[in-house]
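>>> I'll drop the sequence and a predicted model, then ask my questions.
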Amino acid sequence: MRGKASLLGALLLAAITAVPALTAGAGAPAVLKLDDKIESMKRAGVGPVNFPHARHEKLYKCADCHPKIFKEKVNTSDISMKKNMEGKACGTAKCHDSIKAFPLFQCVKCHTNVKAAR
Ligand code: HEC
Ligand code: HEC
């Protein structure tokens, strides 16, 4: 009897501790609105970026991006098109500078409210 009870206890404990393991790594919302450079974006005729974080989590490891390329707090990393085009931030090697992903000149793929036909 005692053996069965402790086995049940062990199973219960395993079930409870398995829950955080399943949710670990979530951390960020599925889509992040990047708009700390809104003034500059307005001048260029483009709107905020809706960054699909969840989609990127499936393609890369957290450590591919954090903390070296991006900070783990929305709108705190200094992302600019200059950096993107210099091979930093979104334009890092094997990202939006390569055949693996759509290229940087396709503004509408990242920015909302793109005014001109870009
Ligand atoms: C791969 C995604 C991506 C593409 C493609 C892209 N951008 Fe951006 N862009 C960003 C991100 C991310 C930011 C940073 C937004 C923020 O943090 O406010 C940004 C910021 C900007 C800014 C404000 C900062 C700065 O550099 O002055 C402008 C202006 C801008 N983009 C224009 C454009 C234009 C024009 C195009 C097309 C030629 C373009 N972007 C294509 C992702 C992209
Ligand atoms: C392709 C690159 C990339 C990958 C992979 C990635 N992230 Fe992120 N993450 C970002 C970017 C970009 C931001 C926004 C940074 C900014 O705006 O300054 C961000 C933001 C975050 C934030 C802040 C969210 C908020 O609301 O402030 C957390 C937490 C986070 N990531 C955790 C993770 C975890 C955990 C993983 C792995 C499961 C991961 N990230 C994988 C690029 C990535």
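In hand now; what should we look at? Ligands and ions are numbered 1, 2, ... in the order given.
>>> Helices of this protein, start to end?
With DSSP state H as the criterion, the chain has helices at 2-23, 38-44, 53-59, 62-65, 81-85, 107-110.
>>> Mean pLDDT lowest where, among the ones you listed?
Between the helices of the chain, the lowest average pLDDT goes to helix 2-23, which shows a mean of 50.
>>> Flag every residue of the protein that's near ligand 2.
25, 27-29, 32, 34, 51, 53, 56-57, 60, 62, 64-66, 70-77 (C-beta under 6 Å from any ligand atom). Where C-beta positions appear, they are placed from N, C-alpha and C, glycine not excepted.
>>> Among these, the buried ones, what's the PyMOL command?
A single PyMOL command selects the buried members of the residues of the chain next to ligand 2 (16 or more other C-beta atoms under 10 Å):
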select buried, resi 28+32+34+51+53+56+57+65+70+74+77
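>>> So what touches stretch 91-111?
With contact meaning C-beta atoms under 8 Å, 6 or more residues apart in numbering, stretch 91-111 is reached by 41, 46-49, 51, 69, 81, 83-85, 87, 90, 114, 118.
>>> in that stretch, what's buried?
Gly91, Thr92, Cys95, His96, Asp97, Ala101, Leu104, Cys107, Cys110, His111.
>>> What's the separation between the last one and ligand 2?
Same thing as His111. Per C-beta to the nearest ligand atom, to the nearest Å, His111 is found 14 Å from ligand 2.
>>> If that residue is in a bridge, with which residues?
Val49 (DSSP bridges).
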